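Colleague: Kindly return the folded structure for what I paste below:
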Amino acid sequence: MIRLAFVIAAMLAAAASGLRAVAPPNIVFILADDLGFGEVGFNGQSRFATPNIDRLAREGIVFTDHYAGSTICAPSRNALMTGHHTGHATVRNNFAGGGNDGARVALKPSDITVAQRLRAAGYTTAMIGKWGLGEPDTAAAPWRKGWDFFYGFVNQAHAHNQYPEFLYRNATVEPLEQNFGHKERAYANDLFTDEAEKFLDRTAAAKKPFFLYLSITTPHADLKCPADSIAAVKQAQEWAREPGAAESSVVFAAMMHRLDRDVGRILAKLKALGLDENTLVIFTADNGAHSEDGKDNAFFKASGPFRGIKRDLYEGGIREPFAARWPGRIAPGTKTSHVSAFWDFSATALELAGLPRPADPPAESLSYAPALLGRTAEQKSHAYLYWEISIKGQARQAVREGNWKAVRNGLDNPIELYDLAADPGESRNLATAHPDHVARFTRLLATARVDNTDFPLAPGGTGKNKSQAKP
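Modeller: Take a look at the predicted model:
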């Protein structure tokens, strides 16, 4: 009876929203860690191949203007899970205060995740990989935030280990004896993909819709990868065989080879289980390219045509590769320039599941389902997108409105203004020539946010911005 009521409600909601009444789709969201815009083949990468990730683009849709929730890990994932941008979010940096030694801040009980909403509607949910939004002893531990099954890293610093000595299986610590004494025999992301395949096996048998969030930790540092992927890169790439080739470059390329292989394993499993036709697969990353462990971003053209990397609010720090595939529903080989962001996933997933918009949605979460499905006339657009973060005491803010982008690095510094249509690399600051735009963005930078005592933009808070502006 409950299942019947759920299906009827989903069909009615789908009809009301303009979606064709179909069974609620399965959703697989694959999130890479610290992956730059230019570090996939469909965005021009030539130093290594990503055929399985490129297959998502070839058989589905590419969003050319999709943005991460932030330029570093935890706040970006907060946006993805809750639908709030960093001007309204609970978690706005990896550590309270913006340094590298503050307390970690967990999601609040009032932060309702997309997993909680989908599970309440009958979805089976699994989160595999890196969580980073609440420690095991908090109310925001992953098994308390909507996940029927969890396997992976709870703490994001723990996730810096490619060969950890333990992982969490739900609330239980599971030792990895293969890695004791720095033996490095069990690669974390291999284990994650193994568990994802097992989850798909279980849910296929249960015949219930599912949401799988596969939060892979490659290519985040530390730069380590099993020898077979290193050998594969050396065999395929002439530069990797040349004398003097940087070891860090070879290992990074191998990590991308491994990541791409993991994506291929998931696609193959969906096909083998007969789940392919009713499963939406999304691939993207949590922020721009990192530069740790000697990684050479210039060699890889990691940010593509954009300026900046991880920790910057220029395009290279926040614009991400995004490809989505849903056979029979998403037209293959398509692209959209619809401007979207991590906080839109919550509204998108609910709409695709045929669920009514909840009574307490984040106002800024705007479904991109019409863009996915080729109904461009129905797609609503953001008035603007907003980001903020404090890095080593420097407050950084950015707003995109149409093709205009404002960046401010420091509250006492002037606003920089860029026309992304003419200058996607943000090389020409037009602030002096457009004082009217600067004045408008100055107001937006103040009103698009509310203060957060854990993550003040200035010591003691700004003393402003006590109410939300409409996005």
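Colleague: CA only for contacts and neighbour counts going forward, please
Modeller: Will do.
Colleague: In three-state terms, label residue 71 for me.
Modeller: Three-state assignment for residue 71 (DSSP: H, G, I helix; E, B strand; the rest coil): coil.
Colleague: From residue 311, how far off is it?
Modeller: Separation of residue 71 from residue 311 (CA to CA, to the nearest Å) stands at 5 Å.
Colleague: any idea what sits nearest residue 106, other than its immediate chain neighbours?
Modeller: Ranked by CA to CA, 6 or more residues apart in numbering and with sequence neighbours excluded, the top spatial neighbour of residue 106 is residue 134, at 4.3 Å.
Colleague: Now do the domain split for this structure, please.
Modeller: Annotated domains of the chain cover 2-378, 385-447 [automatic domain parsing].
Colleague: quick one: contacts for residue 217?
Modeller: 32-33, 129-130, 159-160, 162, 189 (CA atoms under 8 Å, 6 or more residues apart in numbering).
Colleague: any chance of those in JSON lines, with secondary structure, pLDDT and neighbour count too?
Modeller: Listed next are the contacts of residue 217 as JSON lines, based on DSSP: H, G, I helix; E, B strand; the rest coil; pLDDT from 0 to 100; neighbours: other CA atoms under 10 Å:
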{"residue": "32", "secondary structure": "strand", "pLDDT": "98", "neighbour count": "23"}
{"residue": "33", "secondary structure": "coil", "pLDDT": "98", "neighbour count": "22"}
{"residue": "129", "secondary structure": "strand", "pLDDT": "98", "neighbour count": "28"}
{"residue": "130", "secondary structure": "strand", "pLDDT": "98", "neighbour count": "29"}
{"residue": "159", "secondary structure": "helix", "pLDDT": "96", "neighbour count": "24"}
{"residue": "160", "secondary structure": "helix", "pLDDT": "96", "neighbour count": "17"}
{"residue": "162", "secondary structure": "coil", "pLDDT": "98", "neighbour count": "23"}
{"residue": "189", "secondary structure": "helix", "pLDDT": "98", "neighbour count": "24"}
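Colleague: Take these and write them to JSON lines, including distance to residue 291.
Modeller: Listed next are those as JSON lines, based on distance: CA to CA, whole Å:
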{"residue": "32", "distance to residue 291": "16"}
{"residue": "33", "distance to residue 291": "13"}
{"residue": "129", "distance to residue 291": "22"}
{"residue": "130", "distance to residue 291": "20"}
{"residue": "159", "distance to residue 291": "17"}
{"residue": "160", "distance to residue 291": "14"}
{"residue": "162", "distance to residue 291": "17"}
{"residue": "189", "distance to residue 291": "20"}
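Colleague: for stretch 198-217, which positions count as buried?
Modeller: 199-200, 203-204, 209-217 (16 or more other CA atoms under 10 Å).
Colleague: tell me, what's touching residue 71 and residue 311 both at once?
Modeller: Contacts common to residue 71 and residue 311, judged by CA under 8 Å, 6+ apart, are 288, 317.
Colleague: and which of the contacts of residue 217 is nearest residue 106?
Modeller: Taking CA to CA as the measure, residue 106 lies nearest residue 130 of the contacts of residue 217, at 14.3 Å.
Colleague: center of this structure - which residue?
Modeller: residue 286 (3.7 Å; CA atoms, centre = their mean).
Colleague: how far away is that one from residue 270?
Modeller: 24 Å.
Colleague: Correct me if wrong: residue 41 contacts residue 47.
Modeller: No - contact criterion CA atoms under 8 Å: residue 41 and residue 47 do not qualify, at 9.1 Å.
Colleague: What number of residues are in the vicinity of the residue nearest to residue 106?
Modeller: Here the number of neighbours of residue 134 (other CA atoms under 10 Å) works out to 22.
Colleague: who's in contact with it?
Modeller: Per CA under 8 Å, 6+ apart, neighbours of residue 134: 104-107, 140-142, 154-155.
Colleague: okay if I get these as JSON lines plus pLDDT and neighbour count?
Modeller: As requested, those are arranged in JSON lines below (pLDDT from 0 to 100; neighbours: other CA atoms under 10 Å):
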{"residue": "104", "pLDDT": "91", "neighbour count": "20"}
{"residue": "105", "pLDDT": "95", "neighbour count": "22"}
{"residue": "106", "pLDDT": "97", "neighbour count": "19"}
{"residue": "107", "pLDDT": "98", "neighbour count": "23"}
{"residue": "140", "pLDDT": "98", "neighbour count": "21"}
{"residue": "141", "pLDDT": "98", "neighbour count": "23"}
{"residue": "142", "pLDDT": "98", "neighbour count": "29"}
{"residue": "154", "pLDDT": "98", "neighbour count": "25"}
{"residue": "155", "pLDDT": "96", "neighbour count": "17"}
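Colleague: In strands, which of the buried residues of stretch 198-217 fall?
Modeller: Within the buried residues of stretch 198-217, residues falling in strands by DSSP state E are 210-215.
Colleague: I'd like to know which of these is nearest to residue 86.
Modeller: residue 215 (20.1 Å).
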